[in-house]
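Peer 1: please work out how this folds:
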Amino acid sequence: MDKKVKSGKEILDDFFTDISNIKNVDKTIAKSLSNLYHQGKLTETNLKNELQKLRDKDVNKN
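Peer 2: Modelled structure (predicted):
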């Protein structure tokens with residue numbers, strides 16, 4: 001039982017580092033989430049703003 005138990009922060013760090021490797025996850029959204037998390041800016045407001053930017057970019061692309 002020498003296996004180290006990961007802390008919550010370590011689990012989140014791993015998750016947001018590998019989020020784009022999860023099957024069927026949109027790579028652009030995953031990258032945005034990961035960036036917000038690693039910048040310490042993953043809040044409801046910032047998330048909504050980032051998703052809106054992605055929507056606007058997608059609409060303008062078409």
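Peer 1: residue boundaries of the strands in this protein?
Peer 2: Assigned strands in the chain: none (criterion: DSSP state E).
Peer 1: spatially central residue in it, please.
Peer 2: What sits nearest the mean C-alpha location of the chain, by C-alpha atoms, centre = their mean, is Leu33, with 2.3 Å.
Peer 1: gap between the closest residue to that residue other than its chain neighbours and Lys27?
Peer 2: Leaving aside its sequence neighbours, Leu33 sits nearest to Ile19 (C-beta to C-beta, 6 or more residues apart in numbering; 6.1 Å). Using the backbone N, CA and C atoms, a C-beta is placed for each residue, glycine as well. Applying C-beta to C-beta, to the nearest Å, the value for Ile19 to Lys27 is 9 Å.
Peer 1: contacts only, for Lys6.
Peer 2: Asp14 (C-beta atoms under 8 Å, 6 or more residues apart in numbering).
Peer 1: tell me the phi and psi of it?
Peer 2: Backbone geometry at Lys6, expressed as degrees, to the nearest 10, gives phi -70, psi 150.
Peer 1: and it, what pLDDT?
Peer 2: pLDDT recorded at Lys6 is 93.
Peer 1: next, the buried residues of the worst-scoring helix or strand of the chain on mean pLDDT.
Peer 2: Between all helices and strands in the chain, the lowest mean by mean pLDDT, DSSP states H and E belongs to helix 44-61, at a mean of 91. Of the residues in helix 44-61, Glu50 count as buried by neighbour count, 16 or more other C-beta atoms under 10 Å.
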